[in-house]
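Colleague: just need the structure, nothing else, for what follows:
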Amino acid sequence: MVDEIYTVAAALCSVKEGEEPLLRMLCQAAEGALLRQEEKLPEICRESFLCAAGCMAAADLLDSRTGGSGVERFAAGDVSVTLQGTDAAASRLRQQAKRLLAPYCGQDGFAFLGVRG
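Modeller: Below is the predicted model of the structure:
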């Protein structure tokens, strides 16, 4: 399954020369991390699993390119934080991975709270 995850991840992050071995390891790690969450995921949602693992691996590769620093600019007055482009992209990829698997992991993003009247 790592080869399929690699294909997704490579398409998402434009793999540069010399990054292939790292991305393959990141794909294997993403697959393992998702399988630890829910072992039966590939059986019930193969396409979503492959896309989510690919998103996670691509996000990790993007993080490795920037050194994981993340913050490009920070201001204290009227608090303003600007993330580097690749870090923002990595964050969006991780959010997408969570959304892809949420229906299969019991995380639908909805919470109902009762309020006494």
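
Colleague: burial measure for residue 65, as a count.
Modeller: 14 (other C-beta atoms under 10 Å). Just so you know, the C-beta spots here come from the backbone N, C-alpha and C atoms, and that holds for glycine as well.

Colleague: swap in residue 63?
Modeller: Neighbour tally, residue 63, other C-beta under 10 Å: 20.

Colleague: any idea how far it lies from residue 35?
Modeller: 21 Å (C-beta to C-beta, to the nearest Å).

Colleague: residue 43 now?
Modeller: For residue 43, the distance to residue 35 - C-beta to C-beta - is 11 Å.

Colleague: and these two? Which one has more around it.
Modeller: residue 35 (15 against 9).

Colleague: in this structure the more buried one contacts residue 41, no?
Modeller: Yes. Residue 35 is within contact range of residue 41, at 6.9 Å (criterion: C-beta atoms under 8 Å).

Colleague: please pull out the lowest mean pLDDT helix or strand from the protein.
Modeller: Between all helices and strands in the chain, the lowest mean by mean pLDDT, DSSP states H and E belongs to strand 71-75, at a mean of 57.

Colleague: need the residues that contact the helix or strand harbouring residue 5.
Modeller: When secondary structure is defined by DSSP states H and E, residue 5 falls within helix 2-13. Contact with helix 2-13 is made by 15, 23-24, 26-28, 30-31, 50-51, 53-55, 57-58, 61-62, 93, as judged by C-beta atoms under 8 Å, 6 or more residues apart in numbering.
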